[in-house]
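**Student:** dropping a prediction and its sequence here:
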Amino acid sequence: MSKILELKSIYAGYKDDIILNDVSLEILDDDFIGIIGPNGGGKTTLLRVILGLIKPFKGTIEYFGDSNIDRNNKIGFLPQINQIDNKFPVSVYDVVLSGLIYNNGFYYKHSKKDKQKAKETLQKLGICDLKERHIGELSGGQMQKVLLARAIVSSPRLLILDEPNTFVDNKFEGELYEILVQLNKDMGIIIVSHDIGTISTYIKTIACVNRGLHYHKSNKITEQQLASYNCPIKLITHGEVPHTVLKKHNH
Amino acid sequence: MVIELLQYNFVVNALLAAFFASISCGIIGTYIVTRRMVFLSGGITHASFGGIGIGYFLGFNPIFSAAIFSILSALGIEFLSKQTEVREDSAIGILWSFGMAIGIIFITITPGYVPNLMTYLFGSILTVSKLDVWLMFGLSLLIILIFSAFYRLILFVSYDQEFARTHKIAVNLVNYLLISLVALTIVLNIKVVGIIMVISLLTIPQSIANLFTRNFRNIIIASVVLSFVGVFTGLIFSYKLNIPSGASIIFSLVIYFVFAKLIHLLINKLSIRRKTKNFELIK
């Protein structure tokens, strides 16, 4: 396992409001990190810093690894679904191709290689039959898969998902996590979720973001630990308490 | 009738203007409608009146001052709303009325009679000059070139700016470039239907096209054709009924829209009936 990126004592926020306080985090290419935390705690801010959408006030981000890979396509991103205009005239296939947007050359046509990659990705996620559909004709779960396809079509080293389990039923959610487990063999994954109960069986580690960051190198997490992090999240879920269904992992 | 009219230079100019207006408005209008920038475009349109007033005052062709003024307003709105605390629609409201005010002030202090003011307000495609036609031709060519070369970039940035940013695309540059093209398109097409109505060419054909296709490129192509048909019909109405061309162009476009909507409803109804029938057959 190798390092993908490292945040070193990051301070970040908006205008004069510092939301992230001295956050350091190291992300490896086999990581599967679940980020939890209260609203306004800085989950989204942390994602935006990692994605390069906002500049931190202080601190550094270092990206590691293969410098041959275009920096632009190293990170795949799945945004919250309500950020997307579903009336925009674009088909599923085009959305997936947009994941291969590069910073060079003209954009009139995609290469054969790009088209092949888009098709393979659709196949991988089992949504080939939706290829020609307009995005307004999709269900919430289908839309999530399309956005996931767009995020991974460039074979990124790190996949970032912002609340992928909203507007999705349980069956879809299960499917999604199985796909993520498969993808995790090739890339690091960071997933932000308000619903820690359902993701904790799949993720390897938990980070609680509440202004600061409390990185817990395991997916076991107890009420007491959360309380000591000052992280008001409930662990109540259907059936068993999450930490009793732990999968084997080494740290 | 058309053949005999073609002997007149001004009729030829008008038809050429209609043709180039259809191209620039068809393409740029699709961008405006799909990105939900109609209000913004309305703001730029009205702000350009300030440039027209300044042009009259300084004694040169108002088209040029309007072009500069509206590009600056467009960039101003984009900058105010993205980089400062001002809400986008408030920024539009401010520059919309500010431009109109500047226009009125300068026209009032311009000594003597102000010729052709009505042309700019309500449009008059029959008075389009050779120079106007050349400018419209140049703009159409520029837009076609930019949209052909960067079609996918424009499409993807329009669809999801945030995502494009995560791939380090120069989203701001794309936005500033396109908003400038929007401003130029508006100003150079003002003569066709006027400041007050130019927004129609940027929205009605696109809305008709969008009823029948949900593909960006097809909306562009259909809008160009529909714009031309609309302007042409409007011109004929204007000639036959002796009404102002700007108003009759918009009137024809809206008639086409109503027809299209009715056809669309009918198609949907038939499709639902067919589907429920199939369903009953299966049962």
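**Tutor:** Ah, there it is.
**Student:** quick one, helices of the stretch 151-283 of chain B?
**Tutor:** B:151-159, B:161-166, B:171-188, B:190-193, B:198-212, B:216-241, B:245-282 (DSSP state H, counting those that start in this stretch).
**Student:** could you dump these to JSON lines with mean neighbour count?
**Tutor:** C-beta here means a position set from N, CA and C on the backbone, and glycine is covered the same way. Listed next are the helices of the stretch 151-283 of chain B as JSON lines, based on neighbours: other C-beta atoms under 10 Å in any protein chain shown:
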{"stretch": "helix B:151-159", "mean neighbour count": "22"}
{"stretch": "helix B:161-166", "mean neighbour count": "20"}
{"stretch": "helix B:171-188", "mean neighbour count": "21"}
{"stretch": "helix B:190-193", "mean neighbour count": "28"}
{"stretch": "helix B:198-212", "mean neighbour count": "23"}
{"stretch": "helix B:216-241", "mean neighbour count": "20"}
{"stretch": "helix B:245-282", "mean neighbour count": "14"}
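**Student:** make a markdown table out of those helices and add distance to chain A.
**Tutor:** A markdown table is the format used below for the helices of the stretch 151-283 of chain B (distance: least, C-beta to the nearest C-beta, whole Å):
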| stretch | distance to chain A |
| --- | --- |
| helix B:151-159 | 4 |
| helix B:161-166 | 5 |
| helix B:171-188 | 10 |
| helix B:190-193 | 25 |
| helix B:198-212 | 7 |
| helix B:216-241 | 5 |
| helix B:245-282 | 14 |
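**Student:** mind putting those in CSV, mean pLDDT included?
**Tutor:** Putting the helices of the stretch 151-283 of chain B into CSV (pLDDT from 0 to 100) gives the following:
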stretch, mean pLDDT
helix B:151-159, 92
helix B:161-166, 90
helix B:171-188, 95
helix B:190-193, 89
helix B:198-212, 95
helix B:216-241, 95
helix B:245-282, 91
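**Student:** make JSON lines out of these and add distance to A:N210.
**Tutor:** Below are the helices of the stretch 151-283 of chain B laid out as JSON lines (distance: least, C-beta to C-beta, whole Å):
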{"stretch": "helix B:151-159", "distance to A:N210": "33"}
{"stretch": "helix B:161-166", "distance to A:N210": "24"}
{"stretch": "helix B:171-188", "distance to A:N210": "31"}
{"stretch": "helix B:190-193", "distance to A:N210": "55"}
{"stretch": "helix B:198-212", "distance to A:N210": "45"}
{"stretch": "helix B:216-241", "distance to A:N210": "42"}
{"stretch": "helix B:245-282", "distance to A:N210": "50"}
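**Student:** of the ones you listed, which is nearest A:I61?
**Tutor:** helix B:161-166 (13.7 Å; C-beta to C-beta).
**Student:** show me what the closest one is packed up against.
**Tutor:** Helix B:161-166 is packed against strand A:75-78, helix B:151-159, helix B:171-188, with contacts defined by 3 or more C-beta pairs under 8 Å, 6 or more residues apart in numbering or on different chains; DSSP states H and E.
**Student:** related to what we said a few turns ago, A:H216 is nearest to which of the helices of the stretch 151-283 of chain B?
**Tutor:** helix B:161-166 (26.7 Å).
**Student:** A:K87 - that's part of a strand, no?
**Tutor:** No. With DSSP: H, G, I helix; E, B strand; the rest coil as the criterion, A:K87 is assigned coil and is not in a strand.
**Student:** now it. Nearest residue, chain neighbours left out?
**Tutor:** With sequence-adjacent residues excluded and distances taken as C-beta to C-beta, 6 or more residues apart in numbering or on different chains, A:K87 is closest to A:G136, at 5.8 Å.
**Student:** next up, the contacts around the residue sitting nearest the centre point of chain B.
**Tutor:** For chain B, the residue sitting closest to the mean C-alpha position, by C-alpha atoms, centre = their mean, is B:L202 at 3.3 Å. Each residue near B:L202 by C-beta atoms under 8 Å, 6 or more residues apart in numbering or on different chains is listed here: B:25, B:28-29, B:32-33, B:38, B:41, B:185-186.
**Student:** same question, A:L122
**Tutor:** Contact analysis of A:L122 by C-beta under 8 Å, 6+ apart lists A:92-93, A:96, A:128, A:130-131, A:149.
**Student:** for those, which one is nearest A:D31?
**Tutor:** Using C-beta to C-beta, the contacts of A:L122 come closest to A:D31 at A:A149, 21.6 Å.
**Student:** contact residues of the stretch 51-200 of chain B facing chain A?
**Tutor:** B:148-156, B:158-160, B:162-169 (C-beta under 8 Å from any C-beta of the partner chain).
**Student:** return the helix or strand in chain A with minimum mean pLDDT.
**Tutor:** Every helix and strand of chain A was ranked by mean pLDDT, DSSP states H and E. The lowest is helix A:223-228, at a mean of 57.
**Student:** what about B:L72, neighbour count?
**Tutor:** Other residues within reach of B:L72, judged by other C-beta atoms under 10 Å in any protein chain shown, total 17.
**Student:** tell me the SS of it?
**Tutor:** With three-state DSSP as the basis, B:L72 sits in helix.
**Student:** could you report the pLDDT at it?
**Tutor:** pLDDT, the model's per-residue confidence, is 94 for B:L72.
**Student:** tally of neighbours for A:F57?
**Tutor:** 12.
**Student:** for it, which residues are in contact?
**Tutor:** Neighbour list for A:F57: A:11-13, A:18 [criterion: C-beta under 8 Å, 6+ apart].
**Student:** over to B:L241?
**Tutor:** Applying C-beta under 8 Å, 6+ apart, the residues contacting B:L241 are B:S248.
**Student:** against B:P62, how distant is it?
**Tutor:** For B:L241, the distance to B:P62 equals 29 Å [C-beta to C-beta, to the nearest Å].
**Student:** B:K168 reaches A:G52, doesn't it?
**Tutor:** Yes. Between B:K168 and A:G52 there is a contact under C-beta atoms under 8 Å: 7.1 Å.
**Student:** next, show the common contact partners of those two.
**Tutor:** Common contact partners of B:K168 and A:G52 (C-beta under 8 Å, 6+ apart): none.
**Student:** quick check: B:Y256 touching B:F228?
**Tutor:** No. The pair B:Y256 / B:F228 is not scored as a contact, 11.7 Å apart, by C-beta under 8 Å.
**Student:** buried stuff in stretch A:123-141?
**Tutor:** Using 16 or more other C-beta atoms under 10 Å in any protein chain shown as the test for burial, stretch A:123-141 gives A:124-125, A:127, A:130-131, A:133-135, A:138, A:141.
**Student:** quick one: end-to-end distance for that stretch.
**Tutor:** 16 Å (C-alpha to C-alpha, to the nearest Å).
**Student:** repeat for stretch B:157-175
**Tutor:** Using C-alpha to C-alpha, the span of stretch B:157-175 from its first residue to its last is 9 Å.
**Student:** figure out how far it is from the centre of its chain.
**Tutor:** 24 Å (C-alpha atoms, centre = their mean, to the nearest Å).
**Student:** just to revisit the earlier point, for the buried residues of stretch A:123-141, which one is nearest chain B?
**Tutor:** Nearest to chain B among those, counting by C-beta to the nearest C-beta, is A:H134 at 4.3 Å.
**Student:** thought the closest one was touching B:R214?
**Tutor:** Yes. Using C-beta under 8 Å, A:H134 is in contact with B:R214, at 4.3 Å.
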